[in-house]
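Engineer: Build me a model:
(chains A and B)
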Amino acid sequence: MSRQAQFRFQLYVAGDAANSAQAIANLNSICRTHLPGKHEIEIVDVFRDPKRALADGVFMTPTLVKMSPAPLCRIVGTLSQPEIVLLALGLRSIAA
Amino acid sequence: MKPTRSLKLANTHHKAATGITGFDEMTGGGLPRGRSTLLSGGPGSGKTIFALQFLVSGARDFKEPGIFVAFEETPKRVISNCEGFGWDVGALKKKLFFLNAQPQPDLIQSGNFDLSGMLAVLGAKAKEMGARRIVFDALDMVLALLPDEAAKRREVYRLHEWLVARELTGLLTAKAGKDEQDLSGLESTGYMQFMVDCSIVLNQRVEMGVSQRNLRVQKYRGSPFNEDESPFVIGNKGFDVAIARTLGRMDARVSLDRISSGVKRLDTMLGGGYYRGASVLITGVPGTAKTTLSGAFAEAACKRGERTVFVSFDSDGSEVMRNLTSVGIRLHRFVQSGVLHMISARMITGSAETLLVRIKALAYEHKARCLVIDPVSTLSKAGNEFTAHAVAERMIDWCKSNGITLVCTSLLDEMANNPSGGKPLHISTLADTWVHLNYLVQAGERNRGLAIIKSRGTAHSNQVRELILSDDGVTLADIYTAAGEVLMGTMRWEKESAERVANEVAEVAGKLKRVSLDAEEAVLKVRAKSLETELLAKQVEKTLLARTTQSREGELSRGRIRVRELRGGDVSMAKSKGSRS
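Structural biologist: I've put the predicted structure just below:
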């Protein structure tokens, strides 16, 4: 993965549920550290927009979807283990 | 007839009918409405089919749209799997929604998560389509992703609360160990069973190579239910749960109508024939003409124009018909006219339950009024020993409730050849009429004997009769008892001819006696006549005598008057007397 690529994320949350808030905080922290200025985060609240969740096939919250760069990847959970998240996002080597 | 009954029973305020034959009766109406039900079972135990039938029936018959959440299979596959049952899911598109919620295999997990997203999606969808029922198929698949017991418990609780809040009738299916015994030990479903309002366990066992399926309601909050394990089959219309009669169910209408057994003298012995709707058991060792007797019944039924199903397990239907032709029972014409349906079931294997379901379906389709099962002992073939009795019981019950007259034959094992004590399948206690056929070996002959062991509500002959098969039919003959021994066959014939000779002798002697009596009578009559004549002569003589005497007296008195006249005495006096008056 190129460092220059713009990262687009969608984070599906369930209102103000604790694990959703946690995920938002964790994602922000990871992005600040590893992708400063190179990311876009869209928060989707499944309670407000269930149709979108249905269309996207997102059933567990919180779920992080990396829209670009390809390949698409999904991570469910609070993103509380940065190692796993970075590896999944293809940022592991950079972080190291 | 059953489906209509369960439909009627169904969809009460508290229960959501599943439309599954037997299950709704078992639970007094179906699944708890607005509550959650857990359906657990091993692989291939029929969880998904049960769940789908619940949804399809709701959407089709009760105007209750439903949602199917598929965690394990794609909705496409689920739908195609159920097409075989004739549920037109395509036509119910507006009322059924399938959600593909299979966890993606490449799913990466980091930290806690929950099912709120899915519930939000489902909540919106349910509102949109007015869903009343929802199925979570293979919930264990998604629960397996959760890191610990507490999380699993939390999610199931969340689901439960969600269902209750929306008043949706929820059915969760989950895999369980092969055996029910393992189930409580299985962590994934253990706590679920405590949480849900109703728990159903499906079981599949293999006994002697025969698959036996069972369904058991483990718990049902706030409702009485049938606690026993009930066998079920997945037939060509879906689930069919076999239940014994529940208490308080309406009795079947009984009939006083008598129908012929096909053998005239047997009808006489039974006081007019079998009762309509009765169950008749014909037992006997091999070759005692059980099939012939049931064939005679079938022929008589067809002659009356009653639709009949003849299920033959021993030989092919065509063979049965050929063999019966030799004793003058011709069934071909009825098969051609469509009144009779011969079913060759020789090689059909499967559990007794499956056989029952098939027989029921065939009889139902044929609109049968008479049903012959030859032999019913097939039900207790290897692997079915434990279920056969219950199956036979239910078969009898089903026939009764549908007014079908059932004739079944049953082989009595020669080892247990005890006409009064042998209980094939123990259905002899359930049968209304029990006809037993036996061989009586005597003087180097085997002859068939027929006896009515019991016949409820009927005066019946206590006599053993000889069953005679001839080219032109089946008849019964009286047997002779001589010196405490029963005579049959040739000995009966000899006895009969001896009696005929004796009769002739007696007849001749009688004739002779009559002739001699006639002669005596004639003699007496002649004597009577001559005496009568004599009497007449005497009477004439007597009359003559009387007359003679009279005339002489007259003469005498006339003589005296004349003398007086001549003497001229009293005559003038007599004259003057006359002139004066």
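Engineer: all contacts plus neighbour counts: C-alpha atoms, from now on.
Structural biologist: Fine.
Engineer: Chain B contacts on chain A?
Structural biologist: Contact residues (CA under 8 Å from any CA of the partner chain) of chain A with chain B: A:12-14, A:19, A:46-47, A:50-51, A:53-54, A:57-62, A:73-81, A:84-85, A:88.
Engineer: Give me the neighbour count for B:E553.
Structural biologist: 12 (other CA atoms under 10 Å in any protein chain shown).
Engineer: wait, B:R369 sits on B:T308?
Structural biologist: Yes. Assessed by CA atoms under 8 Å, B:R369 is found in contact with B:T308 at 6.0 Å.
Engineer: And the residue of chain A closest to chain B?
Structural biologist: Among all residues of chain A, A:F59 sits closest to chain B, at 3.9 Å; criterion: CA to the nearest CA.
Engineer: so how many other residues sit close to that residue?
Structural biologist: A:F59 has 26 neighbours, counted by other CA under 10 Å.
Engineer: What are the phi and psi values at it?
Structural biologist: phi -120, psi -10 (degrees, to the nearest 10).
Engineer: which residue is nearest the centroid of chain A?
Structural biologist: Of all residues in chain A, the one closest to the mean position by CA atoms, centre = their mean is A:L64, 3.3 Å from it.
Engineer: Give me the buried positions along whichever strand or helix holds it.
Structural biologist: Under the criterion of DSSP states H and E, A:L64 resides in strand A:63-68. Neighbour counts over strand A:63-68 (16 or more other CA atoms under 10 Å in any protein chain shown) mark A:63-66, A:68 as buried.
Engineer: Which one of those is nearest to B:D228?
Structural biologist: Ranked by distance to B:D228 (CA to CA), those are led by A:T63 at 44.7 Å.
Engineer: Verify the contact between the closest one and A:I75 for me.
Structural biologist: Yes. Look at A:T63 against A:I75 with CA under 8 Å: they come within range, at 5.7 Å.
Engineer: contacting residues for B:V407?
Structural biologist: B:279-282, B:294, B:370-373 (CA atoms under 8 Å, 6 or more residues apart in numbering or on different chains).
Engineer: In three-state terms, label the residue nearest to A:Y12 when sequence neighbours are not counted for me.
Structural biologist: Using CA to CA, 6 or more residues apart in numbering or on different chains and skipping residues adjacent in sequence, the residue nearest A:Y12 is A:V44, 4.6 Å away. Following DSSP: H, G, I helix; E, B strand; the rest coil, the label given to A:V44 is strand.
Engineer: cool, B:I452 as well?
Structural biologist: Classified using three-state DSSP, B:I452 is strand.
Engineer: how close does the residue nearest to it when sequence neighbours are not counted sit to B:T405?
Structural biologist: Sequence neighbours aside, B:V435 is the residue nearest to B:I452 in space, at 4.5 Å (criterion: CA to CA, 6+ apart). B:V435 sits 15 Å away from B:T405, going by CA to CA, to the nearest Å.
Engineer: one step back: tell me the one of the buried residues of strand A:63-68 nearest B:M26?
Structural biologist: Lowest distance from B:M26 to these (CA to CA) belongs to A:T63, with 43.1 Å.
Engineer: show me what contacts the closest one?
Structural biologist: So A:T63 contacts A:11-13, A:74-77 (CA under 8 Å, 6+ apart).
Engineer: so what's the backbone phi/psi at A:V13?
Structural biologist: For A:V13, the backbone dihedrals (degrees, to the nearest 10) come out as phi -130, psi 160.
Engineer: Give the bridge partners for it, please.
Structural biologist: A:D45 (DSSP bridges).
Engineer: which residues does it contact?
Structural biologist: Each residue near A:V13 by CA under 8 Å, 6+ apart is listed here: A:20-21, A:43-46, A:61-63, B:117.
Engineer: for the closest residue to B:S57 other than its chain neighbours, phi and psi?
Structural biologist: Nearest residue to B:S57, sequence neighbours excluded (CA to CA, 6+ apart): B:G19, at 5.5 Å. The phi and psi values for B:G19, taken as degrees, to the nearest 10, are phi 70, psi 10.
Engineer: Also A:I75?
Structural biologist: phi -130, psi 120.
Engineer: Residue in chain B with the shortest distance to chain A?
Structural biologist: For chain B, CA to the nearest CA, closest residue to chain A: B:M118, 3.9 Å.
Engineer: buried set for the helix or strand hosting the residue nearest to B:I452?
Structural biologist: Assigned by DSSP H and E, B:V435 belongs to strand B:433-442. Under the neighbour-count criterion of 16+ other CA under 10 Å, strand B:433-442 has B:433-440 buried.
Engineer: likewise stretch B:342-356?
Structural biologist: By 16+ other CA under 10 Å, the buried positions in stretch B:342-356 come out as B:342-345, B:350-356.
Engineer: Please convert the buried members of the contacts of A:V13 into PyMOL selection syntax.
Structural biologist: Selection of buried members from these for PyMOL, criterion 16+ other CA under 10 Å:
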select buried, (chain A and resi 20+21+44+45+46+61+62+63) or (chain B and resi 117)
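Engineer: Reformat the contacts of A:V13 as CSV; add pLDDT.
Structural biologist: As requested, the contacts of A:V13 are arranged in CSV below (pLDDT from 0 to 100):
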residue, pLDDT
A:S20, 88
A:A21, 88
A:I43, 90
A:V44, 90
A:D45, 90
A:V46, 87
A:T61, 86
A:P62, 89
A:T63, 89
B:G117, 83
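Engineer: between the contacts of A:V13, which is nearest B:I67?
Structural biologist: Nearest to B:I67 among the contacts of A:V13, with distances taken as CA to CA, is B:G117, at 15.9 Å.
Engineer: still on that earlier bit, and of the buried residues of strand B:433-442, the nearest to B:P224?
Structural biologist: Nearest to B:P224, judged by CA to CA, of the buried residues of strand B:433-442 is B:T433 at 35.8 Å.
Engineer: For that closest one, name its beta-bridge partners.
Structural biologist: Beta-bridge partners recorded for B:T433 (DSSP bridges): B:V280, B:S455.
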